[in-house]
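In: let me see the structure of the following:
(one chain, ligands or ions: 2)
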Amino acid sequence: MDTVHPIYLVGGSKGGVGKSMVTLAMADYLQRKGTHAVLLETDTSNPDVVKALRDEIKCAAYNLDDADGWIGFVNFCDTHRGAAVIVNTAARNQAGVTRYGGTLARTLARTLAELERQLVVLWVINRQRDSLELLHIFGQTFPDTLTHVVRNGYFGEPDKFTLYQESQLRKTIETKGRSLDFPDLADRVADEVRSQRISIRKAAEVMQIGQRAELFRWRELCDDMFSKVISIEGIGHEQ
Ligand SMILES: Nc1ncnc2c1ncn2[C@@H]1O[C@H](COP(=O)(O)OP(=O)(O)O)[C@@H](O)[C@H]1O
Ligand SMILES: [Mg+2]
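Out: Ligands and ions are numbered 1, 2, ... in the order given. As a prediction, this is how the structure comes out:
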């Protein structure tokens, strides 16, 4: 029996919706569960998550705006067959996804099937309309992909996400995927994590006790969220 983990794509297109925070939290979650994880950063101009994680897990950066990047991406997934691949996407990559989208999505789906890798999308949203519009476009490009929506609590309580709550898109998402709530981390702790470019694991070791208490509170809520969509065992495959 060999364990195959999915490729988790943290999307959301827009800058500042919390993709990097979700990626950091997911890496921390998988590490703590003892799941081998690797990171693929597609924001090559600002690889902030790589800076935080490169001492802990295998990281690579590819620009998905060109064909070369996509080739690197697929090969990276092939090389790290035994690992959960976390893909942190850049705001920019919508262009690449749209440009290469139609054919790429089909090819990618085939290629990942050949690699026996499932693609799972976590789409991070704020309360504005454009994060939903971009999700709609993404869904058209990758129609059969299991997609979960992550309401980032940084922007308010779940019931404040009224546009999403009342949308047809939510109904569509929830036929296969889930609507999730990513917890808000106190600004003081979040700012420290981001400005020092450290991982959550590292922060849990080095921060002062007050910040650490807040971090642990947040982590437990992250666990609740990720446990709904991440299977630690991966998917078993007979060899
Ligand atoms: N859940 C959250 N809790 C606390 N702060 C957050 C959260 N989500 C986002 N932030 C803040 O917003 C900033 C931008 O988030 P980031 O993850 O870098 O967005 P993106 O990667 O989508 O551009 C972070 O540096 C952080 O300060
Ligand atoms: Mg980012």
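
In: which residues are in contact with L135?
Out: Shown in contact with L135 (Cβ atoms under 8 Å, 6 or more residues apart in numbering): 11-13, 123, 125, 147, 149, 169. Glycine gets a C-beta too; all of them are placed from N, C-alpha and C.

In: after the helix or strand where it lies comes which helix or strand?
Out: Assessed by DSSP states H and E, L135 sits inside helix 129-141. Once helix 129-141 ends, the next helix or strand along the chain (criterion: DSSP H and E) is strand 146-152.

In: quick check, that next one touching ligand 2?
Out: No. Counting by Cβ under 5 Å from the ion, ligand 2 is not contacted by strand 146-152; separation bottoms out at 12.1 Å.

In: so that strand versus helix 129-141, what angle?
Out: Here strand 146-152 points in a direction 170 degrees away from that of helix 129-141 (axes from the mean of the first three to the mean of the last three Cα atoms, to 10 degrees).

In: and strand 146-152, what does it pack against?
Out: helix 19-32, strand 119-125, helix 129-141, helix 168-176, strand 179-182 (3 or more Cβ pairs under 8 Å, 6 or more residues apart in numbering; DSSP states H and E).

In: give me every residue in the chain lying close to ligand 2.
Out: Residues of the chain found near ligand 2 (Cβ under 5 Å from the ion) are 19-20.

In: ok and the residue in the chain nearest ligand 2?
Out: The chain approaches ligand 2 most closely through S20 (3.3 Å), counting by Cβ to the ion.

In: I'd say V189 and F216 touch.
Out: No. Contact criterion Cβ atoms under 8 Å: V189 and F216 do not qualify, at 10.4 Å.

In: let me know whether the helix holding L135 sits next to ligand 1.
Out: No. Applying Cβ under 6 Å from any ligand atom, one finds helix 129-141 separated from ligand 1 by no less than 9.8 Å.

In: same thing with stretch 177-187?
Out: Yes. Applying Cβ under 6 Å from any ligand atom, one finds stretch 177-187 touching ligand 1 at 182, 184-185.
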